[in-house]
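K.L.:
What would the 3D arrangement of this be:
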Amino acid sequence: MAEEATREAILGAAMAHVPFDGWSEMTLKAAAADSGQPLALARALFPRGGLDLALTYHRAGDRAMIRALADQDLGALRFRERVALAVRLRLEAADSEAVRRGSALFALPQNSAAGAKAIWGTADAIWTALGDTSDDINWYSKRATLSAVYGATVLFWLGDESSDHHATWDFLDRRIEGVMQFEKAKAAFAKNPLGKALLNGPLKVLERIHAPKIADDLPGRCQD
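P.N.:
Residues are numbered from 1 along each chain as shown. As a prediction, this is how the structure comes out:
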């Protein structure tokens, strides 16, 4: 069994144990046994135990969202509606108890950085799937803003008992509307005399900020 298939098999087996034991070493041991994989191999694939299991589950959700978004007809939607749809698809593909357990895990001080990175990865996946081509500071600001929106929406979603999560989608729309108002304010600032003076003066250093680049010649990367 290939490494990725083995990882997926262990993760799949873990899902039955997460509601009871959380994303934990106990869950990893049970998942290894249920999937017929040696515990040593499971620990090699998930060296940080439950934390790596949770992160693998999170990344799988991002990939599912990207696939679901690719099947949507986005042409008739405004951009804010596309962002809202992406977030909604991401949550609809998730298991609420698995996410609840993951949120508790990532809330621990030693795991907070990994949790923040996972949310940033989701925001990046959404912007990339929607065709974002920004290469300057906007690359960072878009992902930071969407990370905040997504994180807040997840917490609301976990406590939402409304029919078909209507309250969550309304909450999401309000958060995105707030972001749009902020973007409008930024554009207006850049056009007024004071904004122009600052952007051409003290804030001109921001022009040196660019999106991160991944070298194509790193070991393990495919060459075209």
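
K.L.:
for the strand or helix carrying residue 60, what is the average pLDDT?
P.N.:
Of the helices and strands defined by DSSP states H and E, residue 60 is found in helix 50-70. Averaged across helix 50-70, pLDDT comes to 97.

K.L.:
Next secondary structure element downstream of it?
P.N.:
Assigned by DSSP H and E, the successor of helix 50-70 is helix 79-92.

K.L.:
For that following helix, buried residues please.
P.N.:
Residues of helix 79-92 classed as buried by neighbour count (16 or more other Cβ atoms under 10 Å): 82, 83, 84, 85, 86, 87, 88, 89, 90, 91. For every residue, glycine as well, the C-beta is placed using N, CA and C.

K.L.:
Please tell me I have it right and the fifth one contacts residue 69.
P.N.:
Yes - counting by Cβ atoms under 8 Å, residue 86 sits close enough to residue 69 to count as a contact (5.5 Å).

K.L.:
Please identify every residue contacting each of those two.
P.N.:
Overlap of the contact sets of residue 86 and residue 69 (by Cβ atoms under 8 Å, 6 or more residues apart in numbering) consists of 129, 130.

K.L.:
Look up how far residue 127 lies from the residue located most distally from the centre of the chain.
P.N.:
Note on the chain: the largest C-alpha distance from the chain mean falls to residue 193, namely 37.4 Å (Cα atoms, centre = their mean). According to Cβ to Cβ, to the nearest Å, residue 193 stands 31 Å off from residue 127.

K.L.:
what does residue 54 give?
P.N.:
23 Å.

K.L.:
Apart from its chain neighbours, what residue comes closest to residue 79?
P.N.:
Closest residue to residue 79 apart from its sequence neighbours, by Cβ to Cβ, 6 or more residues apart in numbering: residue 130 at 7.6 Å.

K.L.:
check contacts around that neighbour.
P.N.:
Counted by Cβ under 8 Å, 6+ apart, residue 130 has contacts 69, 74, 79, 82, 83, 86.
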